[in-house]
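Q: compute the structure for the input listed below.
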Amino acid sequence: YNPDRFEGELKWVPLSRATYWQFPFTSFKVGDNVEACPCGSCQAIADSGTSLIAGPTDQIDKINEKIGADYEGLVDCDSLSTLPDVDITINGEKYSLAADDYILKVNQMGETYCMSGFQSLEISGLWILGDVFMRKYYTVFHFGNGSTTGEDYAKVGFAKAKHA
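A: Numbers count the residues shown, from 1 in each chain. I've put the predicted structure just below:
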């Protein structure tokens, strides 16, 4: 990995399953309210092949409602400065996303549309932290011994990304 691409130190997260870079997280807050992972023990996958943050429909619907997204996931572009931060707690560390991180601006036929970076996807309750998360947080996949145990265990690391 390239330490010139991130700020501070990588925060390593042990995997719960090495096959999908799966790890536990304990909280998903929108503003001051826990809108997802109410039990405090959820599972996520870091995936550079997924554009958005995906999760169970009922929880994504709550998040999209909280940020003012309509049924198509569109958000009023004029409201971005008033939208709450989203905080995801992973291994005791808080990873914050501002509206500029989780709202995608799309230009189409001379019009600018703002779309929610959260989409519903049912995969046995798993969450996927895709590009919306990984743009802000440099992500390192350390395969190690390929196991979730032992001296050189598989893990994923996160740090705030630097952009040129």
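Q: beta partners of residue 36?
A: Judged by DSSP bridges, the bridge partners of residue 36 are residue 28.
Q: which helices and strands sit right next to the helix or strand of the chain with the lowest mean pLDDT?
A: Ranked by mean pLDDT, DSSP states H and E, the weakest helix or strand in the chain is strand 33-36, scoring a mean of 74. Secondary-structure packing of strand 33-36 (3 or more C-beta pairs under 8 Å, 6 or more residues apart in numbering; DSSP states H and E): strand 27-30, helix 57-66. Backbone N, C-alpha and C define where each C-beta goes, glycine included.
Q: for it, give me every contacting residue.
A: If you take C-beta atoms under 8 Å, 6 or more residues apart in numbering as the criterion, strand 33-36 is touched by 27, 28, 29, 42, 55, 56, 59, 60, 62, 63, 66, 127.
Q: so how far is residue 78 from the fourth one?
A: Read it as residue 42. Taking C-beta to C-beta, to the nearest Å as the measure, residue 42 falls 33 Å from residue 78.
Q: of the two, which one has the most company?
A: Counted by other C-beta atoms under 10 Å, residue 42 and residue 78 do not tie: residue 42 has more neighbours, with 20 against 8.
Q: that one touches residue 23, doesn't it?
A: No - between residue 42 and residue 23 there is no contact under C-beta atoms under 8 Å: 10.0 Å.
Q: low-confidence ranges, the chain, go.
A: The model of the chain has no residue with pLDDT under 70.
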